[in-house]
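K.L.:
coords please:
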Amino acid sequence: MRLVILGGGGFRVPLVHNALDEHITELVLHDVDPRRLDAIRRVLRGGPPVTTTTDLDEALRGADFVFSAIRVGGLAGRAIDEEVAHAHGVLGQETVGAGGIAYGLRTAPVADAIARRVAELAPRAWVVNFTNPAGLVTEVMARHLGERVIGICDSPLGLCRRAARALHVADAAFDYAGLNHLGWLQGVHVDGEDLLPALLADDEALAGFEEGRLFGAEWLRALGVIPNEYLHYYYSTREAMGDNRGAFLLAQQQRFYDGDVDWETTRLEREATYMAQERERDSLDGGGYEHVAMALMRAIADDRPTRLILNVPNGPTLSAVDESAVVEVPCEVDAAGARPLPVSPLPDHAAGLVTSVKAVDRLVMEGTRSAALKAFALHPLVDSVATARSLLDTYARRHPELAHLS
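P.N.:
All right, here's what the predicted structure looks like:
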């Protein structure tokens, strides 16, 4: 099979390469920056033959699977997103709040154009979207690719694994629902019994894993569910302010691309500092996006039924959003693609957030100044229309991709 990675000069591509199996007979790396492509190509060892190209059409022709891992504006863009948000006294995280809106406004038109080319040049290819904001970008691409684009994230898998480990169970069905970076674990079912209430009642067990420490036993019991780690930015906004992650990664990875430090050393430093301000680190659970992507690809290619938590069109799954909205829920995957499984209705507090954030996503997708202003002003983490207007104007000045919104 021919696998194409868009954003093939990205720092995390070697992780995907290391996870490849015999299914992949040809790997094509596409990027707009040939220097980054060359740097990543030198890191790769073994595996299938690798081709690099800056020509999108050349990359896509004959593709069986396409992994989309682009970053419009690069890490320099992310650093600007954070800097501008912090200067306005609001959260700058790249997928949440003002930073996520700016990133989405830059990325949606590019994702739309890529999806059009895939539909024309590789209509039978399956697209696996890594690109953030993952739910929004997957929904943009689905307008042209339908169910042949599936968004992935490793956060839900990590949460479910840690909850199961805290309960000392190896095989469980997880009732998880929401949007990307806005989801909640609502049940851990073993032999027809939901073990989540027992976990929420056990202070020692909660203290033994990441989300238990991050949110605290009292708050988790009040919620009655376990939030994805990214809910920290909604529940503890004041404490999460001021993290300049983008600027850190820009400086760190530049040393790698300049040839001053090796890839593995840079990777370990990157992972050791992820969300370090907000939480103690657990082990990395031996994987991330690349393992979710490989499991998804094998399920489709081998017609091997597999359950994964994915970003897919909602259908009738969640009542808080319409059927075409991309949601993050457990799915059954096989050669026909991914189908959402039934989940419990979200509690009101969660459904309200999902409705609000999805409305913001839809405004971002419109791509006009009026819609962008509404997106900033109506996001739960932006508290003023005047601030929203200033954010939009500043981002339009700082990002060439957003100049049309000025």
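K.L.:
going forward, measure contacts and count neighbours with C-alpha atoms only.
P.N.:
Noted.
K.L.:
what stretches of the stretch 101-250 of the chain score poorly on pLDDT?
P.N.:
Scanning the stretch 101-250 of the chain for pLDDT under 70 picks out the ranges 242-243.
K.L.:
Helices along that one, start to end?
P.N.:
Assigned by DSSP state H, counting those that start in this stretch, the stretch 101-250 of the chain shows helices spanning 134-145, 155-167, 196-200, 203-207, 210-215, 217-223, 232-235, 237-240, 245-257.
K.L.:
Quickly compare the ones you listed and say which is most buried.
P.N.:
Most buried of the helices of the stretch 101-250 of the chain, by mean neighbour count (mean count of other Cα atoms under 10 Å): helix 134-145, with a mean of 25.
K.L.:
Please enumerate residues in contact with that helix?
P.N.:
Contact with helix 134-145 is made by 104, 107-108, 111-112, 114-116, 118-119, 129, 131, 148-153, 179-180, 311-313, 325-328, 361-362, 365, as judged by Cα atoms under 8 Å, 6 or more residues apart in numbering.
K.L.:
Now for the nearest residue in space to Val118 that is not next to it in sequence, how many residues are close by?
P.N.:
Nearest non-adjacent residue to Val118, counting by Cα to Cα, 6 or more residues apart in numbering: Leu60, 6.6 Å away. Neighbour count of Leu60, defined by other Cα atoms under 10 Å: 27.
K.L.:
what sits against Leu60?
P.N.:
Counting by Cα under 8 Å, 6+ apart, Leu60 has contacts Val4, Val66, Arg117, Val118, Leu121, Ala122.
K.L.:
Just give me the closest of those to Asp191.
P.N.:
When these are compared for distance to Asp191 (Cα to Cα), Val66 wins out at 37.3 Å.
K.L.:
pretty sure the closest one is in a helix, no?
P.N.:
No - going by DSSP: H, G, I helix; E, B strand; the rest coil, the assignment for Val66 is strand, not a helix.
K.L.:
Which ones among the contacts of helix 134-145 map onto strands?
P.N.:
Using DSSP state E, the subset of those located in strands is Asn129, Val149, Ile150, Gly151, Leu179, Asn311, Val312, Pro313, Val326, Val327, Glu328.
K.L.:
Just the closest of those residues to His189, please.
P.N.:
Lowest distance from His189 to these (Cα to Cα) belongs to Glu328, with 18.6 Å.
K.L.:
Not counting its neighbours along the chain, what's nearest the closest one?
P.N.:
Using Cα to Cα, 6+ apart, the nearest residue to Glu328 is Asn311, at 4.4 Å.
K.L.:
what number of residues lie near the one you found?
P.N.:
Neighbours of Asn311 (other Cα under 10 Å): 30.
K.L.:
Could you do Asp258 as well?
P.N.:
Around Asp258 there are 12 other residues, counting by other Cα under 10 Å.
K.L.:
Return the distance of it relative to Ala39.
P.N.:
Counting by Cα to Cα, to the nearest Å, the gap from Asp258 to Ala39 is 9 Å.
K.L.:
mind giving me the domain ranges of this structure?
P.N.:
Segmentation of the chain into domains, based on automatic domain parsing, reads 2-73+89-151, 152-242+278-406.
K.L.:
Can you get me the start-to-end distance on the last one?
P.N.:
From its first residue to its last, domain 152-242+278-406 covers 33 Å (Cα to Cα).
K.L.:
same deal with stretch 80-100?
P.N.:
Stretch 80-100: ends 12 Å apart by Cα to Cα.
K.L.:
For the contacts of Leu60, which entry has the maximal number of neighbours?
P.N.:
Most surrounded of those: other Cα under 10 Å gives Val4, at 28 neighbours.
K.L.:
Need the nearest residue in space to Leu75, chain neighbours excluded.
P.N.:
Spatial nearest neighbour of Leu75, excluding adjacent residues (Cα to Cα, 6+ apart): Leu250 at 5.3 Å.
K.L.:
Now do the same contact list for the one you found.
P.N.:
Each residue near Leu250 by Cα under 8 Å, 6+ apart is listed here: Leu75, Ala76, Ala79.
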